[in-house]
Structure formats: structure tokens, C-alpha cells
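**Q** Give the three-dimensional model of this entry:
(chains A and B)
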Amino acid sequence: MNKPNRLRPPVDHRVGIRSYPDMEPGSIADKMPYVDYGTELVDPRRYRDPAEATREWDKLWTKVWTLAGFSSDIPAPGDWFKYDLGHESFVVVRGDDMVIRAFYNVCPHRGNQIVRSDFGSANSCLQCSFHGWSFNIDGSLASIKEPETFRTEALAQATGLTPVRCETWSGFIFINMDNDAGPLLDFLGVLPEHLDRFRIEKMRVLEDIVYLYDANWKTLQDAFLEFYHGDTVHPELASTMETYFCQYDLYPKGISRMILPYGYAPDKLDDPETVNEMLKMALRQYCGDPSDWPDLKGYEYKTAIVAAKRRLSQTAGWHHFAGLSDDQIVDDWNYAIFPNVTLNIMGESCLVQSFRPDPNDPAKSIWRSVMLNLPSADPAFKPIVLSSMGQNVFGPDGWDGTARPPILYAKTPAETGFILAQDCELIPPVQAGMRSRAFKGYNLSEQEIRIRHFLAELDRYLDA
Amino acid sequence: MAADVGAGKCISCKVGRLEVLVCNANGSFYAVENRCSHLGKPLAGGRLIGTELTCPFHSASFDIRDGRNICFPASRPIRSFRTRLKNGFIEVAAPELGSPGPRRNPVQ
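**A** Residues are numbered from 1 along each chain as shown, chains lettered A, B, ... in the order given. Just a heads-up that it's a prediction; the model follows:
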């Protein structure tokens, strides 16, 4: 059992809570300075008002870099995937020159959406299924069927596919509908400096789930910007994961982070001295043996997890772990990329979640959860799926990341994984409750400050 | 040879007079006719994700386990054939038109 309501010393909100008391000042694990966003209630109308959704389309979604997909999903020339945002659809394709390009997925002839499936490969052209117009994979018009039946003026105004800005960082492909937008690397702020060391571009997709949600995209994302809900929504994680000494850091450009320490018995447990079964399971998952650590107490078990992961990194081929701290290879370093992506990075894995608005209904959204893992050269290690963390759910035997799984369009919360199903069940009644005339707006703790930080950045776009 | 068809890959071959695509999905082998039901184009070179094969021409797609059409512009299925592994070779059962039963052709 755990005691989430044990008495704690007062917290000066300007100082906050640190995950690593001995952290070297100025390191990337250091706590960022406090930003005072005040204590005003957050207007709930921004989570349901159609006029707000329209403002978001005009001022945010058409102006900002959004995550379209992964470079590893289009390895060979001709490979493409489809990316939908709101009512727009894009096709992202690897050229013969290996350059990744993105285009609006619209035929300039009569408006057909040219690609209809999630993934594909074009031999040399993308061909429209309506009247057969063909486009080279660099977007230029290759051929029109029966051009002799078009007047010369019509032929003169025929175009190829309309390109859209497309840039890649660390294996993540982003697009931006604003042709005048600054470069992606500027938009990403501190993220390359913090995260290049994790070599996320070497990770491969293990699981990819899409679920249509009965909640505004922000209502859903807000739940993933804090772990104040950890004890109550994810009690199964309580015996191995910190929920109190989590560090919340705010960075420029709407980027933020929470550090969720992992791998030991947190002090709120009744008995943090005992090495509980979940801790032993966590150690075994990383090819460690609990009998090697007979004297370790539960609250110091992270030592064993670190040792196991470091040893595993040698046999698995994860040599860049030598450049990561113990905390970085074990704890959940959880970053939010403005406006709609969160990354749960736990050493060799990264859970990527995105939250997209429904094209028509602000009370609905499209949630996508992609589990990335580093392939392991050591066959004894089976990759862990964070969506079902702690439930002994692994990737398939012999997974080496080369066979990309299909996107699973989940029809029920259970299909999203044990842990994520808890968030699935949680959120729709939150959206409904926020609509009550009795609800005056979020009244936030300092553990939820990333929500205010996100909304402040959103306001910068909406007020522009 | 089974070893030639890696996970997520397809190779084209002839079985009798039929053009067949032999595919490896999650370690199991499947065979479908190498001909999209939309405009009859070869499916070879198309992307295989899981058990869904997408035609490289107009992104029609099929389930390689039974040939069922999944994505427009395919509105009819394609033929699928039973396979088996024998001595490292993948064998495809392809019924010949007019003959009394399936004829087995070892496929290399």
C-alpha cells in the first residue's frame, strides 16, 4: 500500500522540487528557474469553444512545426507515409536523392487525395486514382492522361503537387504549413542539446496505436504534462516510480520537461525498505539478477537497475550510454515539444505521443502513441512497451526493428495498453465535467505548471 | 529459398504461368498473385507493413493472408495461395486451370 497523503514539509514554489539534490549546477539535469504564471483559474471555454478551435487552426496549426512521422519509416527511395492534421492531409516521401520531401496530399486536377493508406512505396511516380495524373516523387507533374483533350490554357495552368516545408531532427520528420517559418532547429530550442545524446534516430518503431478520443486535444495532453495524477491513475507504477520528487522544468518556446525517477521504492510506500516484486521484475527485464543484490534496500534499488542497464548496453550495442548519466539511462526524462508532442525517454526507449484536433469537433481529438526502442544486439533482452509498463508486456522475440508494425486503430481503451488505458478511461469524463456550469476552470498546483507554460506559448500564437 | 525472403519483404516469381509474390510477414510466408485487382499492375515493389501490401501505383492495398482488398482503389480481392516450408524452400500451391486439383511447384 502507499500513502500518497503523507505529511510533507512546505515547498517554496519559487524553489520547487528537485529530483537530484546533488545535481551539478548548469548541467542539463539542473532545475530551471521558476516562471511565475500566477494562480488565476484557466478558462474552460478554451477546451471546447468552436471559435477557439478555428483560431487555433488559423494561428497555430497552420504556422507551427508538427510531428509528421519517422525517418525510419521511409528508408528507401519511393517510400512514403501519409500524415493528416485537422482537415489537411500530407504525403511525406523519400526521394531518389534520399531527401525527404512533403506535399499536400491533393491532386491539382479535381482535388482527390492521392494516397489513401498509411504507408506505401512508389515505383517512380505517385498516381492519382481518379484520372491517372502522375507526379514524380519530387512533386513535379509527370503526365496527364489524354492531354490532347485539354485546352492549351488548361494545360498551361496544370501544376505538380504543392510542397510543404519539411525538416528532420533526430529521426523525427516535421512539417510546417507556413512557408515563411523559421528553421526547425530554432523551433526546437534546447531539445537537440538535451536529447541528441540519446540517439533517438537509432530507435525503431515497436508499437504504433491511434485512438479517437472524446476530449479536446489539450484536455488530453494536459494529463501527460504532469505526474501529480500518478498515485491515483497509475497505482501499479507506485512501487517502482517516483510521483512526488519529480522535477518540472520550463524552457523557452513552450518546451518543458518532467523528470520521473524510476527503479526504486519511493518514500511514500508503507515499506520502502523491502525490495518489492515489481522492482525485481524491473531488474530482470534488464537482464539483471536480484540474487546479485541481497543487501540492497528497496529505496536504493536504482543502483542495481543502473548496473544492469550499463552491462546490457555493452552486449546490446548501445555504446552511446557511456555518454549518458545513470539518471539518464534509468529515469523517465519526459519532454514536451510545443504544441502537441510528448516524449517519455527511458534510456533505450522513447514513447512518442501526439495529440491532434479532430477536423470538425473541438470535443474530440486523435491520440497517437508510438513506442520507439533501440534494437538490441543481445537476444536476451526483449524491448519493453511503456504503454503496458510493469505488466510484463514485451516486444516480439528477436525484434530487431526492421519490420515496421502497422498502425493499430484501437477501438477500445484496453487495446492501447494497460497503463495508457488508465488515461483513456480517465479523460472523457474530465472533458464532460469541464463543460459543467459549476466548473470555473483549472485551479493548478505547482506540479502542473507545465500546463500554464504550454498555454502561455499557445497564447503567444493566438494573440499574434 | 526461405532465407531470401526476409521479414517485411516480398519476392516475385513464376509458379506455372502465374506471377506470384511471396511475402514474409512476422516470420510467416504468404503468397498472392503479383497483380493488383485495380488496373492489373504488378504489386512487386509495393510496401508490406504487417500483413497489408500496398500497390506502388495507386496505393490500393490487400491483406496477403487471404488476398482481401483493404484500401481504395482496390474493389476486388486478389488471389492468394497456400504456402509451406520444405527443406528451406517455400512451396506455393497453385491450382492450374482445368486440372483436377492443386499442383505443387517448388519455388526457389
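**Q** A:Val15 against A:Met32, yeah?
**A** No: counting by C-beta atoms under 8 Å, A:Val15 sits too far from A:Met32 to count as a contact (11.9 Å). Where C-beta positions appear, they are placed from N, C-alpha and C, glycine not excepted.
**Q** So these two - more neighbours on which side?
**A** A:Met32 (16 against 10; other C-beta atoms under 10 Å in any protein chain shown).
**Q** What residues does the more buried one make contact with?
**A** Applying C-beta atoms under 8 Å, 6 or more residues apart in numbering or on different chains to A:Met32 gives the contacts A:249-251.
**Q** any idea how far the closest residue to A:Asp292 other than its chain neighbours is from chain B?
**A** By the measure of C-beta to C-beta, 6 or more residues apart in numbering or on different chains, the closest residue to A:Asp292 outside its immediate chain neighbours is A:Ala304, 7.4 Å from it. A:Ala304 sits 34 Å away from chain B, taking C-beta to the nearest C-beta, to the nearest Å as the criterion.
**Q** Which residues are in contact with A:Ala304?
**A** A:263, A:283, A:288, A:290, A:292-293, A:296.
**Q** Which members of those are classed as buried?
**A** Buried by 16 or more other C-beta atoms under 10 Å in any protein chain shown: A:263, A:283, A:288, A:290, A:293, A:296, out of the contacts of A:Ala304.
**Q** What residues does the stretch 301-450 of chain A have near chain B?
**A** Residues of the stretch 301-450 of chain A lying close to chain B (C-beta under 8 Å from any C-beta of the partner chain) are A:396, A:402-406.
**Q** What residues sit buried inside stretch A:296-311?
**A** So stretch A:296-311, judged by 16+ other C-beta under 10 Å, has buried residues A:296, A:298-302, A:304-310.
**Q** Keeping just the C-alphas, turn it into CSV.
**A** The C-alpha trace of stretch A:296-311 is given here as CSV (Å, rounded to 0.1, in the frame of the first residue of the first chain):
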residue,chain,number,x,y,z
LEU,A,296,20.2,-3.6,-1.2
LYS,A,297,17.2,-1.9,0.3
GLY,A,298,14.2,-1.0,-1.9
TYR,A,299,14.8,2.7,-1.7
GLU,A,300,18.3,2.2,-3.1
TYR,A,301,17.4,-0.3,-5.8
LYS,A,302,18.1,2.1,-8.6
THR,A,303,21.8,1.1,-8.1
ALA,A,304,21.0,-2.4,-9.3
ILE,A,305,18.9,-1.2,-12.3
VAL,A,306,21.7,1.2,-13.4
ALA,A,307,24.3,-1.6,-13.1
ALA,A,308,22.1,-4.0,-15.2
LYS,A,309,21.5,-1.4,-17.9
ARG,A,310,25.1,-0.5,-18.2
ARG,A,311,26.1,-4.1,-18.5
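**Q** Mean confidence (pLDDT) on that stretch, please.
**A** In this model, stretch A:296-311 has a mean pLDDT of 97.
**Q** picking that back up, among the buried ones among the contacts of A:Ala304, which lie within helices?
**A** A:Leu283 (DSSP state H).
**Q** got CSV for the buried ones among the contacts of A:Ala304, with distance to chain B too?
**A** Shown next, in CSV, are these (distance: C-beta to the nearest C-beta, whole Å):
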residue, distance to chain B
A:Gly263, 32
A:Leu283, 30
A:Gly288, 29
A:Pro290, 33
A:Trp293, 36
A:Leu296, 39
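**Q** what's the first-to-last distance across stretch A:32-48?
**A** 32 Å (C-alpha to C-alpha, to the nearest Å).
**Q** what distance separates that stretch from the centre of its chain?
**A** 22 Å (C-alpha atoms, centre = their mean, to the nearest Å).
**Q** thinking again about what came up before, for the contacts of A:Met32, which one is nearest A:Ser436?
**A** Among the contacts of A:Met32, A:Leu250 lies closest to A:Ser436 (C-beta to C-beta), at 30.2 Å.
**Q** Specify the beta-bridge partners of that closest one.
**A** A:Ser256 (DSSP bridges).
**Q** Wait, it touches A:Ser256, no?
**A** Yes: counting by C-beta under 8 Å, A:Leu250 does reach A:Ser256; the two are 5.1 Å apart.
**Q** Which one's more surrounded, those two?
**A** Comparing A:Leu250 with A:Ser256 by other C-beta under 10 Å, the one with more neighbours is A:Ser256, at 25 against 21.
**Q** separation between the more buried one and A:Thr342?
**A** 10 Å (C-beta to C-beta, to the nearest Å).
**Q** and for these two, which residues touch both?
**A** What both A:Ser256 and A:Thr342 touch, as defined by C-beta under 8 Å, 6+ apart, is the set A:225, A:335-336.
**Q** Now rank these by neighbours and give me the top one.
**A** Going by other C-beta under 10 Å, A:Ala336 tops the shared contacts of A:Ser256 and A:Thr342 with 25 neighbours.
**Q** got the residues of chain B near chain A?
**A** B:6-8, B:25-26, B:38, B:45-47, B:49-52, B:54-61, B:70-73.
**Q** Can I have the buried ones of those residues as a ChimeraX selection?
**A** This is the ChimeraX syntax for the buried subset of the residues of chain B next to chain A, where burial follows 16+ other C-beta under 10 Å:
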select /B:7,8,25,38,45,46,47,49,50,51,52,54,55,56,57,58,59,60,61,70,71,73
